[in-house]
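Chemist: Prediction below, plus the sequence it came from.
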Amino acid sequence: MRLPGSVRLRLLLTLAALPLSDATEPAMTTRDINQQTQESISGHTVKEHDLSTSGQYFTTQDFNNQTEGNISNLTSVVYSISLSGVSSAPREEYITLENPANIQLSCSLARTSDSESINVRWKKDNETVDYGVAVLNETKNVWSTQYMLNVRDRNQMGSYTCAFKNGEVKATFHIQGPQIDGKDQHVVSYVGDSVVLVCKSVRYIPISWIWYMSNGSDQVAVNDSLMPDKYMVNRKYANTTKLKILKITEKDDSLYWCQAVFKLGESKGKVSLKVLTYMVPLKPFLVISAEVIFLVTIIFLYEMYSKKKQTHSDNEKEFEQIEQLKSEDSNGVENSTTRHRKV
């Protein structure tokens with residue numbers, strides 16, 4: 001059947017329009033997605049489920065900016081040591097840091113020659129970290145050198161030395177974390193009693209405290225949560241820690257370590273616990289008592305012997321006297337008999 005011309009024209013236009021709409025619709029959808037993605041990146045908005053490269057790059061950049069901001073916001077402190085001349089004795093300065101800080105270490109040396117420059121070397125412990133030439137100040141009478149240091153953790157702690165003229169003149173900055181008070185203590189207690197070991201940090205507040213007990217060459221953490229009937233740790237005050245040991249035995253005779261944890265390191269204190277039995281303080285008394293009893297016995301026996309000897313001597317004397325009297329009586333009888341015979 002042959003269709004009219006108007007109908008055929010309308011059908012051709014409809015067939016031509018169908019593929020055209022299918023081709024253009026996906027292109028528009030892709031363009032819309034790209035446009036939305038670019039708007040999200042430019043506006044720094046990343047969805048939680050979106051892990052695109054643009055989102056990751058922004059997070060890293062934001063972290064770097066934040067880190068740089070933290071470094072710039074650190075407290076800046078200048079420490080300096082002045083040396084009088086090339087014959088100066090080594091100088092030292094101890095620096096205690098509780099929090100991260102930007103530090104400038106400065107060394108100055110009085111000019112003693114006409115030289116316009118002088119070599120200087122900076123060392124951290126025994127490792128060279130900087131080498132150069134010291135500069136003269138405006139008055140041309142002092143050489144000076146500086147070393148910048150960003151202390152953010154314990155890795156930057158240590159001893160920093162500035163050495164002039166190949167080490168002939170030097171000064172050292174000892175950078176260290178806070179130290180607790182009374183590092184070495186000695187405590188004496190008795191078997192069956194309870195004892196309290198105390199560590200303090202007066203000037204600085206630790207983040208936390210940890211107790212250890214020596215077990216040969218090792219240090220074992222004291223866990224009061226697993227052994228509440230043996231150990232009790234008092235955490236009431238941040239600058240003080242107390243370890244209470246209950247029902248002490250001879251096995252508790254050991255070294256105990258309290259460790260204060262700070263932002264820039266740790267500091268340890270040692271407490272020596274000596275456990276005694278009740279016989280220990282009685283031993284001197286028993287020894288003295290035994291000596292006294294022995295001496296009294298010797299004295300008593302000597303006196304008994306002396307008395308016995310004296311009694312024996314007295315008996316002998318009495319016997320001799322009796323014998324003498326008998327002899328005298330016998331002599332008297334004989335003399336009278338002789339007289340009667342003579343008559």
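Modeler: On my side now, so go ahead. Numbering: from 1, shown residues only.

Chemist: burial measure for Ser87, as a count.
Modeler: Using other Cβ atoms under 10 Å, the number of residues around Ser87 comes to 9. For the C-beta atoms, the positions are set from N, CA and C on the backbone; glycine is no exception.

Chemist: Sorry, slip of the keys, the one I care about is Arg91.
Modeler: By the criterion of other Cβ under 10 Å, Arg91 has 16 neighbours.

Chemist: pretty sure it is touching Leu83, no?
Modeler: Yes - using Cβ atoms under 8 Å, Arg91 makes contact with Leu83 at a distance of 6.4 Å.

Chemist: Need the overlap of contacts for those two.
Modeler: Common contacts of Arg91 and Leu83 (Cβ atoms under 8 Å, 6 or more residues apart in numbering): Ala171.

Chemist: and Leu295, which of the three is it?
Modeler: helix (DSSP: H, G, I helix; E, B strand; the rest coil).

Chemist: how about it, what does it touch?
Modeler: Contacts of Leu295 by Cβ under 8 Å, 6+ apart: none found.

Chemist: what's the spacing between it and Ile288?
Modeler: Distance of Leu295 to Ile288, computed by Cβ to Cβ, to the nearest Å: 11 Å.

Chemist: before we move on, what about Lys308?
Modeler: Using Cβ to Cβ, Lys308 is found at 30 Å from Ile288.

Chemist: what do you get for Ser144?
Modeler: Taking Cβ to Cβ as the measure, Ser144 falls 71 Å from Ile288.

Chemist: and if you look at Tyr256?
Modeler: Distance, Tyr256 to Ile288, by Cβ to Cβ: 34 Å.

Chemist: Between the two, point out the one with more neighbours.
Modeler: Here Tyr256 and Ile288 are compared on neighbour count by other Cβ under 10 Å; more neighbours surround Tyr256, at 22 against 10.

Chemist: Which of the helices and strands in this protein ranks last by mean pLDDT?
Modeler: Ranking every helix and strand in the chain by mean pLDDT, DSSP states H and E puts helix 53-72 at the bottom, with a mean of 38.

Chemist: how about the helix or strand following that one: buried residues?
Modeler: From helix 53-72 onward toward the C-terminus, using DSSP states H and E, the following helix or strand is strand 75-83. Across strand 75-83, burial judged by 16 or more other Cβ atoms under 10 Å covers Ile81, Leu83.

Chemist: Kind regards, and thank you for your time.
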